[in-house]
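*Asks:* predicted structure and sequence below. I'll ask about it afterward.
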Amino acid sequence: MLYFIVHSDTLSVFKKSSENDSLHLELKVKFHHNLISIDNNSKLLSSVIAQALDELGEKIDLENQQAAIAINDSVLSHSLSVISKKDQPVLFGKVKKELQNKWKDLFKNYFSISESRKSSKNIFHTVGMNHYLREKIKLNFNNFGIDIKYLVPVSSIVLSSIKSTQYAVTKSSRIYSIFNYSKKGFSFSQVSFTGKNKGFKRILGLADSVKLQEKDLKTPNLRYIIFNDMKVVEFFAKTIKDSYPILNFIKPFGIQIVESEHKRKVKPVLDKSDHSTLFQYLQSFIAGLLTLGLIVLTLVSISDFDFLYNESSVSIEKVVKKKANKSWNQLEKYQSSSYAAINEFSEISISNNIDKIQSINILDNRINIDTNSNDGIGGGYTIKLSKYPLIDKSITIDNFLSLITNTDSNIQFQRTNGLFFDIESDNVIIRCDNINLSIQILDNIKQYNNLILRKIQYTKADSSVHLYITALRS
């Protein structure tokens, strides 16, 4: 499991150490735009998130990983609803109506989830997340081979294991965010002791305003629990391990937590008149049955009863062959992806739009284009795979580098050894000073079946193109 924290301007990833199971910061990257300023720009959001993941993917293996994502409350919205007991049989409808009254025409822009815990039974806390932001996080993480299991507000994480008499405190720049969940429901305040934002600001809450001084937050005490990113992730991991009920934007919308008992499973309460949500459940149920049927059919078709009686050496041989076939299928996928990416980049480079493009990033078969404008050219999409032609030529990395450097002596490259699906390989990063030169090199790559293009990065500012290539050794 990888643990991510999404702030408005940064993306951090944490990982557990295999030696002592402790968490550590693996890498932190900066978003090219502040998420709050672009949360209604679908294409730009997608490009910004994909670019951040692209930078992470250069140093961390993201493919086939599960993710737990904590999202900072600065990019979310919070609401409280007081629902009388007589109206609770139609709870979701009541909460939904209050949200519509609050947001007016903007209501459709938000994906909202609600809860009631540690409080009176008629006070419900709702967290809203911009639809575009939620969908682009899901889409881009999935495109990088990451399976998101949790997408949770930081406030929900830090409040998961503290008492109702305590306050959870996070800090961003000079501003402290203070969270509490008491009998009067969820409360959220911010305070700054210096600068232009100096003073106390209540964001949400029915409880009395908390009175504190800066020394209260700078000296360790049991009333104000200070959380940095590492502590947030540690609480997050514990919450998941303990199956503690917590708001999760990955789950269907509705009232997700209606009981406060520790370790009680999340109980979703959905509006029965909302046919779209019920239809989603029906779709999931049918998909589950079809998947189960497919698995059974597959097992029946591939089962080999003689396998039970053969010698162990034969069994091992079958396992090795099966593993080899799987690796070969994955290799073919990357070869097709490489071929399609080269064709796509070549087409873009000769199009009339190339002068408007500020940057192009292609990772495997995922492309992101940034134009710094809303002209409809920028954004991210998945490249349609081309049919990989039958190629019987291969080339050593030394001969390939000799071939392209003879064409232009100004080409720069870095080379390292590696493994690609247990196949010994060479990894090379080539820097070209212009697009035309990169196209020539890409045309050469297409001629050999052991050269796989993994990534292309074009930057208009210096007209440079970086090519990331894996060369399989025969």
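*Replies:* Thanks, I have it.
*Asks:* okay, helices next: where are they in the stretch 351-474 of the chain?
*Replies:* 397-407, 435-445 (DSSP state H, counting those that start in this stretch).
*Asks:* got the angle for the last one vs helix 397-407?
*Replies:* Put plainly, it is helix 435-445. 150 degrees (axes from the mean of the first three to the mean of the last three CA atoms, to 10 degrees).
*Asks:* can I get helix 435-445 in CSV? Just the C-alpha atoms.
*Replies:* C-alpha atoms of helix 435-445 as CSV (Å, rounded to 0.1, in the frame of the first residue of the first chain):
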residue,chain,number,x,y,z
ILE,A,435,11.8,17.8,-32.2
ASN,A,436,13.1,16.9,-35.7
LEU,A,437,16.1,15.1,-34.2
SER,A,438,14.0,13.2,-31.7
ILE,A,439,11.7,12.1,-34.6
GLN,A,440,14.7,10.6,-36.4
ILE,A,441,15.7,8.7,-33.2
LEU,A,442,12.2,7.5,-32.7
ASP,A,443,12.0,6.2,-36.3
ASN,A,444,15.1,4.2,-35.5
ILE,A,445,13.6,2.7,-32.3
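*Asks:* which neighbouring elements make contact with that helix?
*Replies:* The elements that helix 435-445 packs onto, with contact taken as 3 or more CB pairs under 8 Å, 6 or more residues apart in numbering; DSSP states H and E, are helix 312-349, helix 397-407, strand 423-432, strand 451-459, strand 464-472. Any C-beta I mention is one placed from the backbone N, CA and C, and that applies to glycine too.
*Asks:* same list (these) but as TSV, adding mean neighbour count.
*Replies:* What follows is those, written out as TSV (neighbours: other CB atoms under 10 Å):
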stretch	mean neighbour count
helix 312-349	15
helix 397-407	14
strand 423-432	18
strand 451-459	21
strand 464-472	21
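*Asks:* now mean pLDDT and distance to residue 367 too, for the ones you listed, in TSV please.
*Replies:* Listed next are the helices and strands packed on helix 435-445 as TSV, based on pLDDT from 0 to 100; distance: least, CB to CB, whole Å:
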stretch	mean pLDDT	distance to residue 367
helix 312-349	67	6
helix 397-407	81	23
strand 423-432	87	18
strand 451-459	91	9
strand 464-472	91	14
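*Asks:* tell me which of the ones you listed sits nearest to residue 17.
*Replies:* strand 423-432 (25.4 Å; CB to CB).
*Asks:* one step back: make JSON lines from the helices and strands packed on helix 435-445 and add distance to residue 64 to it.
*Replies:* Shown next, in JSON lines, are the helices and strands packed on helix 435-445 (distance: least, CB to CB, whole Å):
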{"stretch": "helix 312-349", "distance to residue 64": "11"}
{"stretch": "helix 397-407", "distance to residue 64": "27"}
{"stretch": "strand 423-432", "distance to residue 64": "18"}
{"stretch": "strand 451-459", "distance to residue 64": "16"}
{"stretch": "strand 464-472", "distance to residue 64": "17"}
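*Asks:* out of these, which is closest to residue 188?
*Replies:* strand 451-459 (40.0 Å).
*Asks:* before we move on, back to that, nearest to residue 129, out of the helices and strands packed on helix 435-445?
*Replies:* strand 451-459 (30.2 Å).
*Asks:* which neighbouring elements make contact with the closest one?
*Replies:* helix 312-349, strand 359-363, helix 435-445, strand 464-472.
*Asks:* run the angle between the second one and helix 435-445 for me.
*Replies:* If I follow you right, that is strand 359-363. 10 degrees.
*Asks:* quick one: contacts for residue 70?
*Replies:* In this structure, residue 70 makes contact with 3-6, 152-154, 157, 232-233, 236, judged by CB atoms under 8 Å, 6 or more residues apart in numbering.
*Asks:* give me the neighbour count for residue 215.
*Replies:* 9 (other CB atoms under 10 Å).
*Asks:* returning to what we had before: dump the helices and strands packed on strand 451-459 into JSON lines; add distance to residue 171 as well.
*Replies:* Putting the helices and strands packed on strand 451-459 into JSON lines (distance: least, CB to CB, whole Å) gives the following:
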{"stretch": "helix 312-349", "distance to residue 171": "42"}
{"stretch": "strand 359-363", "distance to residue 171": "32"}
{"stretch": "helix 435-445", "distance to residue 171": "44"}
{"stretch": "strand 464-472", "distance to residue 171": "37"}
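*Asks:* ok, back up a step: quick one: closest of the helices of the stretch 351-474 of the chain to residue 385.
*Replies:* Between these, helix 435-445 lies closest to residue 385; by CB to CB that is 16.4 Å.
*Asks:* how about the helices of the stretch 201-350 of the chain, start to end?
*Replies:* Using DSSP H, counting those that start in this stretch, helices in the stretch 201-350 of the chain cover 214-218, 229-241, 275-302, 312-349.
*Asks:* need the contact partners of the first one.
*Replies:* Outside helix 214-218, the residues within contact range by CB under 8 Å, 6+ apart are 169, 176, 193, 223-224, 226.
*Asks:* and the two most separated of these?
*Replies:* Farthest pair in the contacts of helix 214-218, by CB to CB: 193 and 223, 17.4 Å.
*Asks:* residue 182 contacts residue 162, correct?
*Replies:* No: Residue 182 lies out of contact with residue 162 (CB atoms under 8 Å); the separation is 11.1 Å.
*Asks:* hmm, back to that, can I have the buried ones of the contacts of helix 214-218 as a PyMOL selection?
*Replies:* To isolate the buried ones among the contacts of helix 214-218 in PyMOL, judged by 16 or more other CB atoms under 10 Å, type:
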select buried, resi 169+176+193+224+226
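*Asks:* need the contacts of helix 214-218 in a markdown table with pLDDT and distance to residue 383, can you?
*Replies:* Output for the contacts of helix 214-218, formatted as a markdown table (pLDDT from 0 to 100; distance: CB to CB, whole Å):
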| residue | pLDDT | distance to residue 383 |
| --- | --- | --- |
| 169 | 92 | 45 |
| 176 | 90 | 45 |
| 193 | 87 | 51 |
| 223 | 89 | 54 |
| 224 | 91 | 50 |
| 226 | 91 | 46 |
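*Asks:* tell me the secondary structure at the most centrally placed residue in the chain.
*Replies:* Closest to where the C-alpha atoms of the chain average out (CA atoms, centre = their mean) is residue 141, at 3.7 Å. Following DSSP: H, G, I helix; E, B strand; the rest coil, the label given to residue 141 is helix.
*Asks:* now it: closest residue in space, sequence neighbours ignored.
*Replies:* Distances taken as CB to CB, 6 or more residues apart in numbering place residue 148 nearest to residue 141, at 5.4 Å, with adjacent residues excluded.
*Asks:* please enumerate the strands of the stretch 51-200 of the chain.
*Replies:* Under the criterion DSSP state E, counting those that start in this stretch, strands of the stretch 51-200 of the chain are mapped to 65-71, 77-82, 110-115, 123-130, 146-153, 167-172, 175-182, 185-192, 199-204.
*Asks:* partners of the third one in the sheet?
*Replies:* For strand 110-115, the pairing partners within the sheet under DSSP bridges are strand 123-130 (antiparallel), strand 254-257 (parallel).
*Asks:* so which of those is nearest residue 432?
*Replies:* Closest of the strands paired with strand 110-115 to residue 432 is strand 123-130, at 38.3 Å (criterion: CB to CB).
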